[in-house]
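Chemist: Structure for the following, please:
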Amino acid sequence: MAGLNLNTLTENATRFGTRLQETISEHTRDLAITRGGSSAGYFDNPEEKLKHIRKQLDSTSDRDKLDAMKRLIALISKGRNVSEFFAQVVKNVASHNLEIRKLVYIYLLRYAEHEPDLALLSINTFQKDLSDSNPLIRAMALRVLSGIKVPMIGSIVVLAIKKCATDISPYVRKAAALAVIQCYSLESNNQPELIEIISKLLKDRSPLSIGSVAVAFQAICPTRLDLLHEHYRRLCRTLVDVDEWGQADLLSLLIRYARTMLPRPIVLTGEQEEVDPDVKLLLTSAEPLFQSLNPAVVLAVARTFYYIAPPSETGKIIPPLLRLLHLSPEIERVVLPYLLMISRTLSHLLVPSYTYFLVRADDTPQVKQDKMRLLRTVIKPENYQALLREFIVYSEDADDGLVREAVSAIGYCARVVPESTQQCLSALMSFIQSKQDIVVGNAVIVLKLLVQQNMQQQQSTPSTSYSPLSIISRLAYRIDDVRNSKARACIIWLVGQYAAVDPSSSTGVSQTGPEGIAPWAPDVLRKATKSFMQEEPIVKLQTVTLAAKMLVLCPSDRTLGLLTRYVLSLARYDPNFDVRDRGRMLGSLLNGVTTLLRGEDEDSGQEDQGGVVLRREQVKLVLFEGKSGISEEPQHTGDERAVLGSLGAITGKDMAGDVFLPDWLEQGVEPSLRSSEEDVPPVPLSISSVHTSVPRSIASSNRASPVVLTPAGPSPAGSYSRPETGKAPWTDLDSFYADTNGDEEEEESEDETDEEVNEEEEDEDTQDEDYEGKAAHSGKEETESEDDDEGDGDEDHHRLHAA
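Modeler: Sure thing, here's the model as predicted:
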């Protein structure tokens, strides 16, 4: 017998040790999962582990199922197709483990469209989960049910959404609003029923779900703004309590409603403005959101003020947007294009904050470009010196785009601020001597614009060293150092356009070349002709034009005639058809100017050529007066059609999903349409009299001193009032007790049941009174007498209450 017991104890000890080892192993595994040490192991799935997934999914252990589902989700995130396990996963859709069910729902959302027949097997489970006691389960079931893209279950999804739209949990109603979008994308024929659901959800007073309702509204019925009439003011008041992303969506919807249904703010004489109360309500409700920590909300409020607010209120959007510039590089990249759009109309508000737009070394190329464009818009006489120094420093940057923008900004500064012309020309002339081709090329282009502007306006700079002709002469002498093709073309154009010199005028230019031509012009033609075959087409076009212009200025010079004929012959056989066309056109124009272009063997052929032959004055008018204005590069401030806060404003292209705001209405709709019960002010009530049901609260008040209820003035709103009766109102407790004592005989005729209830309440009150009397002043006769009187009053009070 002892041996049997020993064997039993040994067997039990062995089982206990094995079980203890398994438990320790499981807890150690859970600890590793919590630390995240084994989470990465799910992404490293060797083939031998994949073979056990099917077995783990069919296991009875929740731990094995959870491990298998985690491996499947990890494979999905890596882009691998694991639809072969769909049948085993569907079996676990009704698992009691919440973690397993979540992963199963994620898997079904991914592959339900590929396996519609097997997905339909789980529809009953989802419908059953819609009645679960846990709101999280109900919301997840609806989300998965609406995410199964099988057209045949469209009606079932609509019924499920209708059920969840009236759920007591706001989280489930939020899921119902998002499911409306999924259902509409699945089958658009259900739009009328979905609009009815949205109408019901708009009445929801929970801030948690109203943001999702706004998203569903803009996706299903964006033009049915009439549904918002009675909810507009409530939505404005609820705006502060909505979740962050819901605030951005709700503001976008309210902007469209305001511009469609409300009258536009009008600026009257002086500083007076006429703003509709509902517009003011929206602005007042949205203004506190400027302090939000979510950048999307701040941008949404800025968009609201930019498109809705009167001019006196639009300045409030600048400080919040400037605050966002320092949050992160990504947010800075988004905010800068919006500031660039705002600078079109509100550039004067950005001038004091120009230091926010200074370029940093670690900025991305696009951010540098946007900052440079913003700095151009804030150039004013009071800050041009600081900005000019910044531009000169930026011209030495390694980023070619920044160098181009910086040199262009220097020229822009010289045009908008006349006081800075001398400093800007000094900086640009110093750039010509730079060893960087990008700097020299852009400086020449900017100088060309400045010279053209000054020559057209017949204005020269105060210093004779930087007069337009002196600038052209310096550029002409340094043409060999310029490698940029566009810059070389600008120099050649300047030389040809302003090469004419009046011999009778005292310009200080020595006349050493052909008569009527500046001395530096023929040498430029010689150098350009020498390198004609190696030049870009843009330089070739200007070379041919230069030769024609100089020949028109001095048609009797044989050297110019030979150079021009040589250039035209090179252009005639050039590979570029634009150069060939330009050469033929100019050759035909010059036929009536001089005969130096004709060869000895071409004289007979030219005599028989037909057509109109222009005189020298006419050809000169065509060549020199063809330019009507200054061809300045346009300043990019974003797409004019882009809306502040849209993706197209950042990319500069039309993007899918961008919504264009409607135009303002002149009058707006009737304001009474937006009236609701909440807008009715409460009716002020009086406290001059007290209802018979109130004496209990009076008796339970502080009993140390009598209370007098004589009103000293008008009653505040919301106070209690006694219904009109035939008896006079009580003025104090004594008159109240005297009045109640006169009705004792009537109270004694009450039912026995009511008397028993009154006696029980009287006993409880008496005990409370005795306790209070002992705690306050035990031993004082005056206090005891007051307690007795109050006890009698309580008895009378309860009898009156029972009556």
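
Chemist: Helix or strand with the lowest mean pLDDT in this structure?
Modeler: helix 695-699 (a mean of 38; mean pLDDT, DSSP states H and E).

Chemist: Next, the contact list for the one residue sitting closest to the centre of the chain, please.
Modeler: Compute the mean C-alpha point of the chain, and by C-alpha atoms, centre = their mean the closest residue is Gly645, 3.9 Å away. Residues near Gly645 by C-beta atoms under 8 Å, 6 or more residues apart in numbering: 252, 299-300, 302-303, 338. (Each C-beta comes from the backbone N, C-alpha and C, glycine too.)

Chemist: what's the answer for Phe431, then?
Modeler: 395, 407, 439-440, 442-443 are the contacts of Phe431 under C-beta under 8 Å, 6+ apart.

Chemist: where's Ile53 relative to Arg71, distance?
Modeler: 6 Å (C-beta to C-beta, to the nearest Å).

Chemist: And Val275, by the same measure?
Modeler: 61 Å.

Chemist: now do Tyr184
Modeler: With C-beta to C-beta as the criterion, Tyr184 and Arg71 are 35 Å apart.

Chemist: cool, Leu568 as well?
Modeler: 78 Å.

Chemist: and what of Pro151?
Modeler: From Pro151 to Arg71 the distance is 32 Å (C-beta to C-beta).

Chemist: same question, Asp64
Modeler: Distance from Asp64 to Arg71, by C-beta to C-beta: 11 Å.

Chemist: between the two, who's got more neighbours?
Modeler: Arg71 (21 against 16; other C-beta atoms under 10 Å).

Chemist: can I assume Arg488 is in contact with Ser531?
Modeler: No: between Arg488 and Ser531 there is no contact under C-beta atoms under 8 Å: 9.4 Å.

Chemist: Of those two, which one has the most company?
Modeler: Arg488 (25 against 13).

Chemist: secondary structure element for the more buried one?
Modeler: Element membership of Arg488 [criterion: DSSP states H and E] is helix 485-497.

Chemist: Just list what that helix packs against, helices and strands only.
Modeler: helix 437-457, helix 468-477, helix 521-530, helix 537-553 (3 or more C-beta pairs under 8 Å, 6 or more residues apart in numbering; DSSP states H and E).

Chemist: Using PDB, write out every CA atom in the first one.
Modeler: What it means is helix 437-457. Coordinates of each C-alpha in helix 437-457 appear next as PDB, following Å, rounded to 0.1, in the frame of the first residue of the first chain:
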ATOM      1  CA  ASP A 437      28.800  79.900 -64.600                       C
ATOM      2  CA  ILE A 438      25.400  79.800 -63.000                       C
ATOM      3  CA  VAL A 439      26.100  83.100 -61.100                       C
ATOM      4  CA  VAL A 440      27.400  84.800 -64.200                       C
ATOM      5  CA  GLY A 441      24.600  83.600 -66.400                       C
ATOM      6  CA  ASN A 442      21.800  84.700 -64.100                       C
ATOM      7  CA  ALA A 443      23.500  88.000 -63.400                       C
ATOM      8  CA  VAL A 444      23.600  88.800 -67.100                       C
ATOM      9  CA  ILE A 445      19.900  87.900 -67.500                       C
ATOM     10  CA  VAL A 446      18.900  90.200 -64.700                       C
ATOM     11  CA  LEU A 447      21.100  93.000 -66.000                       C
ATOM     12  CA  LYS A 448      19.500  92.700 -69.400                       C
ATOM     13  CA  LEU A 449      16.100  93.300 -67.800                       C
ATOM     14  CA  LEU A 450      17.300  96.300 -65.800                       C
ATOM     15  CA  VAL A 451      19.000  97.900 -68.800                       C
ATOM     16  CA  GLN A 452      15.900  97.400 -70.900                       C
ATOM     17  CA  GLN A 453      13.800  99.000 -68.300                       C
ATOM     18  CA  ASN A 454      16.000 102.000 -67.800                       C
ATOM     19  CA  MET A 455      16.400 102.500 -71.600                       C
ATOM     20  CA  GLN A 456      12.700 102.400 -72.100                       C
ATOM     21  CA  GLN A 457      12.000 104.800 -69.300                       C
END
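
Chemist: what number of residues lie near Glu222?
Modeler: Slight slip there: residue 222 is Pro, not Glu. Pro222 has 11 nearby residues by other C-beta under 10 Å.

Chemist: For it, give me its contacts.
Modeler: 256, 659.

Chemist: A helix includes it, no?
Modeler: No: counting by DSSP: H, G, I helix; E, B strand; the rest coil, Pro222 is not found in a helix; it is coil.

Chemist: which stretches of this protein aren't confidently modelled?
Modeler: For the chain, the stretches with pLDDT under 70 are 1-4, 19-50, 270, 456-466, 502-513, 596, 598-611, 626-640, 657, 678-803.

Chemist: where along it do the strands fall?
Modeler: Ranges of strands within the chain are 266-267, 273-274, based on DSSP state E.

Chemist: who touches the last one?
Modeler: Read it as strand 273-274. 265-268, 310-312.
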